[in-house]
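> have a look at this fold, sequence not included:
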């Protein structure tokens with residue numbers, strides 16, 4: 001009696017329990033479809049539908065990774081580069097785009 005038999009028995013038991021529980025079946029198959037439809041409709045409507053998203057970009061001179069990212073963005077239909085002069089400007093623009101507010105708490 002090897003571990004293959006034990007795993008097979010556990011899978012058989014779990015499938016049997018799942019088939020007997022209708023609520024679990026609905027959650028397993030129907031909820032992902034509902035989430036896909038809900039989030040798909042949220043992101044498919046809006047003022048910027050079909051327009052390339054502006055992406056703030058900065059990299060150190062001579063940085064091969066930054067150059068590779070820049071080239072990929074140039075070839076993309078869904079993104080347009082916003083060149084920034086320093087990294088802090090990219091951070092500020094990214095937070096403004098995402099609508100994220102950072103609060104610093106001091107004691």
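Yes, it's here. Values in this document were obtained by computation on a predicted structure and should not be read as measured data. Numbers count the residues shown, from 1 in each chain.

> using the three-state scheme, assign residue 56.
Here residue 56 is recorded as strand under DSSP: H, G, I helix; E, B strand; the rest coil.

> which residue sits closest to residue 70, ignoring its sequence neighbours?
Distances taken as Cβ to Cβ, 6 or more residues apart in numbering place residue 57 nearest to residue 70, at 6.2 Å, with adjacent residues excluded. C-betas here are computed from N, CA, C, even on glycine.

> and residue 19, what does it touch?
Residues in contact with residue 19 (Cβ atoms under 8 Å, 6 or more residues apart in numbering) are residue 25.

> just the one 5 residues further on next, same as before
The contact partners of residue 24, taken as Cβ under 8 Å, 6+ apart, are residue 18.

> output the contacting helices and strands for the worst-scoring helix or strand of the chain on mean pLDDT.
Using mean pLDDT, DSSP states H and E, the weakest-scoring helix or strand in the chain turns out to be helix 87-98, at a mean of 77. Counting contacts by 3 or more Cβ pairs under 8 Å, 6 or more residues apart in numbering; DSSP states H and E, helix 87-98 packs against strand 53-57.
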